[in-house]
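Visitor: Let me see the structure of the following:
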Amino acid sequence: MSRIGKKPVSIPAGVEVKADGREISAKGPQGMLKRSLPEGITVSVANGHVDVARSAEDRHQKALHGLVRSEIRNMIEGVTKGFQRVLEINGVGYKVTQAGKTLSFSLGRTHPVAYPLPEGIDAKIDKQTIVTIRGANKSLVGQTAAVLRALKPPDVYKAKGIKYSGEVLIRKEGKTGK
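Guide: All right, here's what the predicted structure looks like:
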């Protein structure tokens with residue numbers, strides 16, 4: 001058995017988990033998340049725990065077994081606490097502003113880059129250079145942060161651009177004179 005997949009996921013107080021055939025849903029203080037289950041994977045909810053089982057012993061089913069268990073754990077954690085990613089913007093004149101559900105980035109281009117936030121994602125801006133992306137869905141928070149970072153990845157020479165908070169950049173020396 002998968003070592004990750006065979007562990008039961010505990011359900012904290014205030015969270016409601018339902019398994020309906022090929023779909024599982026979790027509802028809590030941060031919202032509600034749904035996920036469809038792949039073929040061959042079954043989920044049972046009983047006694048405050050979620051158990052994941054597989055129907056076959058092939059390699060693909062073993063991989064899905066652990067994956068589905070981890071995603072269910074992330075769903076439960078997301079509806080209780082939520083997830084966040086922090087982005088830092090470095091560079092002269094680089095900044096971000098927010099108007100409703102749209103972020104507008106000034107990144108050294110001739111026009112500002114507008115990015116509408118997906119449903120279920122919130123953003124908070126500190127000092128026009130720090131953006132905190134929050135949401136209940138871990139994969140959507142990570143994907144949104146990756147898309148925003150891709151607008152202007154950090155430069156290896158001057159470290160200008162958008163980077164994750166805590167990301168270590170290895171800078172290059174550049175050309176040197178004789």
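Visitor: For the longest helix seen in the chain, buried residues please.
Guide: Secondary structure assigned by DSSP state H gives helix 59-80 as the longest helix of the chain. The neighbour-count check on helix 59-80 (16 or more other C-beta atoms under 10 Å) flags 61, 64-80 as buried. Any C-beta I mention is one placed from the backbone N, CA and C, and that applies to glycine too.
Visitor: In space, what's closest to residue 66 - neighbours in sequence excluded?
Guide: Closest residue to residue 66 apart from its sequence neighbours, by C-beta to C-beta, 6 or more residues apart in numbering: residue 4 at 3.8 Å.
Visitor: cool, residue 94 as well?
Guide: Setting aside the residues directly before and after it, residue 94 is nearest to residue 107 in space (C-beta to C-beta, 6+ apart), at 5.5 Å.
Visitor: right, and the helix or strand after the longest strand along the chain?
Guide: Secondary structure assigned by DSSP state E gives strand 83-90 as the longest strand of the chain. With elements assigned by DSSP states H and E, the helix or strand that comes after strand 83-90 is strand 95-99.
Visitor: Report the distance from stretch 111-129 to the chain centre.
Guide: 15 Å (C-alpha atoms, centre = their mean, to the nearest Å).
Visitor: cool, and stretch 76-94?
Guide: Worked out by C-alpha atoms, centre = their mean, stretch 76-94 lies 9 Å from the chain centre.
Visitor: Identify the residues contacting the residue nearest to residue 36 when sequence neighbours are not counted.
Guide: Spatial nearest neighbour of residue 36, excluding adjacent residues (C-beta to C-beta, 6+ apart): residue 23 at 5.2 Å. Residues in contact with residue 23 (C-beta atoms under 8 Å, 6 or more residues apart in numbering) are 34-37.
Visitor: Recalculate using a threshold of 7 Å.
Guide: Applying C-beta atoms under 7 Å, 6 or more residues apart in numbering, one finds that residue 23 lies in contact with 34, 36-37.
Visitor: Compare these and tell me which has the most neighbours.
Guide: Within the contacts of residue 23, most neighbours by other C-beta atoms under 10 Å means residue 37, with 19 neighbours.
Visitor: Skipping its backbone neighbours, what lies nearest it in space?
Guide: residue 22 (5.2 Å).
Visitor: Can you give me the buried ones in stretch 35-54?
Guide: Neighbour counts over stretch 35-54 (16+ other C-beta under 10 Å) mark 35, 37, 41, 43, 45, 50-52, 54 as buried.
Visitor: pLDDT of that stretch, averaged?
Guide: Averaged over stretch 35-54, pLDDT sits at 87.
Visitor: Check stretch 92-106 too.
Guide: Averaging pLDDT along stretch 92-106 gives 89.
Visitor: try stretch 142-152
Guide: Mean pLDDT, stretch 142-152: 91.
Visitor: Export the buried residues of stretch 35-54 as JSON lines, with columns for secondary structure.
Guide: As requested, the buried residues of stretch 35-54 are exported to JSON lines (DSSP: H, G, I helix; E, B strand; the rest coil):
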{"residue": "35", "secondary structure": "strand"}
{"residue": "37", "secondary structure": "coil"}
{"residue": "41", "secondary structure": "strand"}
{"residue": "43", "secondary structure": "strand"}
{"residue": "45", "secondary structure": "strand"}
{"residue": "50", "secondary structure": "strand"}
{"residue": "51", "secondary structure": "strand"}
{"residue": "52", "secondary structure": "strand"}
{"residue": "54", "secondary structure": "strand"}
